[in-house]
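K.L.:
Fold the following and give me the result.
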Amino acid sequence: MADAGPRSGDDDPDADGSPDADAASDADAATESASAGAVIVPVEPSSTLRSTIAHIAEAAAADGVSAIHLVEIASWRNGDPESDERAAAAERVLERAAAWTRADLEDSEAPGAPDVEVVTAVLGADGYLFGADDYVRVLAEYAEANDADRVVLDPEYTPVGNTTLLQPLEFGLSNTSLSVETAPVDRPTRRERFRTEATTGRFVALFGLSLAFYLLLGDPTYWFDAVTGVATAAVVSITLSRVSLDSNPAFPRTPMRIVRGLIYVPVLLYEILKANLVVARVILDPRLPIDPTLNRMRVIVGSGLPLMTLANSITLTPGTLTVRARDSNLYVHSLVPWAREGLFDGPLERWTRFVYYGRRAARLPSPRERDDVAILQGPDATEELPIAAADGGEVDGADEEAVDGADEEAVDGADEEAVDGADEVTDR
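P.N.:
Sure thing, here's the model as predicted:
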């Protein structure tokens, strides 16, 4: 008679479906959930920040995440003008985001919600951050130091004003060990607007400046100029008050800036006159060197109106031309070595800081003293042109030979066709 099959009580304890296996599986799942890494959330005021925080809090509680790190990546550098005010504003944003996160965790019904820690931090304030690569670097360093393995992004995340870094940031993070995702929250359907909020202060400030400029060009004692000046200033204020000023005028800051600006005008005129004489001498004397180069320098003047003032001051000075302003980098073309050296010594940068931030800011080191300068062209070049490195790498020897051969064949073929075409035309 054949042996009976094994009874259910004699099953292998390691077999699937046994109580011991189920218990071990549950224990492994609990251990894996408890050991889930932290999640990093870059924070910046946006229309979807609140919804993003709610999603992350619920997901973190359900996944057993150990901590939620709310971080703001600094778009300033410690020691810059108004860096203290910007750091304080960042701390306020982080405090509000942390309060929302804790409230959402308290309201969550997930069993792991009470164990999720909420941490806030400001990253990258010790040096300038330029572009998505630098943001990815500081996020990766922070993640490694805090055992985080995931980054969740707000879909409206714009850390540097109107510059959208979401897609470059996602791409850069995808090349690290971190997993990255965008919070699945509803985004408002709206077009980006360049206009700021209309305020009485901005309207009055622009009206006063426009009227003063109009009367300066005309005759302030003539009633017709006064009437047309008021009408013109009103039209300018109504039209441009929402796009011309990036902050509300304040007392005594705005009047002091105007006074310091009036002091700066003769200084700028002196620099323009001096540069005119130097450039004219170089043009008239062929023995003097002309060394046109493109240069880069990082400036400490803030963004917006101060940066525009410095860039235009450099352009107004003969021998230098601001080609591009990107973040805190100015790309300036210089005609002669004297102009380049004067640019690196930073007198215009110091005076711009004086106008907007006072004497204390004017005493900050120059670009040369900070080693925030680079020559991008010529035999003295210290950096490659940004366009030269746009392909992402260097051409090695084999590739260079192949490229040279392909170019030579293409040129020979093109020349041959051109010659044949020319002969054919001649024959006709």
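
K.L.:
Wait, Pro337 touches Pro289, no?
P.N.:
Yes - with contact defined as C-beta atoms under 8 Å, Pro337 and Pro289 form a contacting pair (6.5 Å). For every residue, glycine as well, the C-beta is placed using N, CA and C.

K.L.:
Compare neighbour counts for those two and give me the winner.
P.N.:
Pro337 (17 against 8; other C-beta atoms under 10 Å).

K.L.:
How far away from the center of its chain is stretch 354-371?
P.N.:
Remark: stretch 354-371 is offset 21 Å from the chain centroid, using C-alpha atoms, centre = their mean, to the nearest Å.

K.L.:
what's next to it, contact-wise?
P.N.:
79, 81-82, 256-257, 260-261, 263-264, 297-302, 305-306, 309, 343-346, 349-351, 353, 373 (C-beta atoms under 8 Å, 6 or more residues apart in numbering).

K.L.:
Of those residues, which belong to strands?
P.N.:
Met297, Arg298, Val373 (DSSP state E).

K.L.:
Mind putting those residues into JSON lines with neighbour count, distance to Ala212 and pLDDT?
P.N.:
Formatted as JSON lines, the ones in strands among the contacts of stretch 354-371 follow (neighbours: other C-beta atoms under 10 Å; distance: C-beta to C-beta, whole Å; pLDDT from 0 to 100):
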{"residue": "Met297", "neighbour count": "22", "distance to Ala212": "34", "pLDDT": "91"}
{"residue": "Arg298", "neighbour count": "18", "distance to Ala212": "35", "pLDDT": "87"}
{"residue": "Val373", "neighbour count": "21", "distance to Ala212": "37", "pLDDT": "91"}
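
K.L.:
Just send these back as JSON lines, with distance to Glu271 too.
P.N.:
JSON lines is the format used below for the ones in strands among the contacts of stretch 354-371 (distance: C-beta to C-beta, whole Å):
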{"residue": "Met297", "distance to Glu271": "16"}
{"residue": "Arg298", "distance to Glu271": "21"}
{"residue": "Val373", "distance to Glu271": "18"}
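
K.L.:
Model confidence for Glu408, exactly?
P.N.:
Looking at Glu408, its pLDDT reads 45.

K.L.:
do the same with Asp345
P.N.:
Confidence for Asp345, expressed as pLDDT, is 93.

K.L.:
show me the contacts for it.
P.N.:
Neighbours of Asp345 in contact, by C-beta under 8 Å, 6+ apart: Ser366, Pro367, Arg368.

K.L.:
redo that, cut-off 6 Å
P.N.:
Ser366, Arg368 (C-beta atoms under 6 Å, 6 or more residues apart in numbering).

K.L.:
Do a quick rundown of the helices in the stretch 301-428 of the chain.
P.N.:
If DSSP state H, counting those that start in this stretch is used as the criterion, the helices of the stretch 301-428 of the chain fall at 305-316, 337-345, 347-357, 359-362, 367-370, 397-427.

K.L.:
Could you tell me the least trusted of those?
P.N.:
helix 397-427 has the lowest average pLDDT among the helices of the stretch 301-428 of the chain, namely a mean of 42.

K.L.:
Would you map the helices across the stretch 101-250 of the chain?
P.N.:
Under DSSP H, counting those that start in this stretch, the stretch 101-250 of the chain gives helices at 131-145, 166-174, 200-217, 223-240.

K.L.:
Compute the inter-axis angle for the third one and helix 223-240.
P.N.:
Relative orientation of helix 200-217 with respect to helix 223-240: 140 degrees, computed using axes from the mean of the first three to the mean of the last three C-alpha atoms, to 10 degrees.

K.L.:
which helices and strands sit right next to helix 200-217?
P.N.:
Using 3 or more C-beta pairs under 6 Å, 6 or more residues apart in numbering; DSSP states H and E as the contact test, the elements touching helix 200-217 are helix 223-240.

K.L.:
Could you list the buried residues of the helix it packs on?
P.N.:
By 16 or more other C-beta atoms under 10 Å, the buried positions in helix 223-240 come out as Asp225, Ala226, Gly229, Thr232, Ala233, Val236, Ser237.

K.L.:
ok, residues contacting it?
P.N.:
Looking at what lies outside helix 223-240 - C-beta under 6 Å, 6+ apart - the contacts are Phe203, Leu206, Phe207, Ser210, Leu211, Tyr214, Leu215, Gly218, Asp219.

K.L.:
Quick check: closest non-adjacent residue to Glu117.
P.N.:
Ala67 (4.0 Å; C-beta to C-beta, 6 or more residues apart in numbering).

K.L.:
State whether the one you found and Val39 are indeed in contact, as I suppose.
P.N.:
No - Ala67 is not in contact with Val39 according to C-beta atoms under 6 Å; the separation is 7.6 Å.

K.L.:
So for those two, which sits in the more crowded spot?
P.N.:
Taking neighbours as other C-beta under 10 Å, Ala67 and Val39 compare with Val39 leading, 25 against 18.

K.L.:
How about the secondary structure of that one?
P.N.:
Assigned by DSSP: H, G, I helix; E, B strand; the rest coil, the conformation of Val39 is strand.

K.L.:
Identify each buried residue in stretch 105-113, please.
P.N.:
Leu105, Ser108, Ala110, Gly112, Ala113.

K.L.:
which stretches of the stretch 1-150 of the chain aren't confidently modelled?
P.N.:
1-36, 81, 128, 130-131 (pLDDT under 70).

K.L.:
burial measure for Tyr222, as a count.
P.N.:
12.

K.L.:
Out of the buried residues of stretch 105-113, the closest to Leu273 would be?
P.N.:
The closest of the buried residues of stretch 105-113 to Leu273 turns out to be Leu105 (C-beta to C-beta; 64.9 Å).

K.L.:
Give me the distance between the closest residue to that closest one other than its chain neighbours and Phe251.
P.N.:
Once flanking residues are discounted, Leu105 sits nearest to Ala113: 4.7 Å by C-beta to C-beta, 6+ apart. From Ala113 over to Phe251 the distance is 48 Å, taken as C-beta to C-beta, to the nearest Å.

K.L.:
cool, Arg359 as well?
P.N.:
Counting by C-beta to C-beta, the gap from Arg359 to Phe251 is 19 Å.

K.L.:
which ones are touching Leu376?
P.N.:
Contacts of Leu376 by C-beta under 6 Å, 6+ apart are Leu294, Arg296, Glu383, Leu385.

K.L.:
just curious, which of those residues is nearest to Lys274?
P.N.:
Once C-beta to C-beta is applied, the member of the contacts of Leu376 that ends up nearest Lys274 is Leu294, at 22.5 Å.

K.L.:
before we move on, back to that, nearest to Thr315, of the buried residues of helix 223-240?
P.N.:
Val236 (23.9 Å).

K.L.:
Tell me the spacing between that closest one and Ser210.
P.N.:
4 Å.

K.L.:
repeat for Ala226
P.N.:
Distance from Ala226 to Ser210, by C-beta to C-beta: 13 Å.
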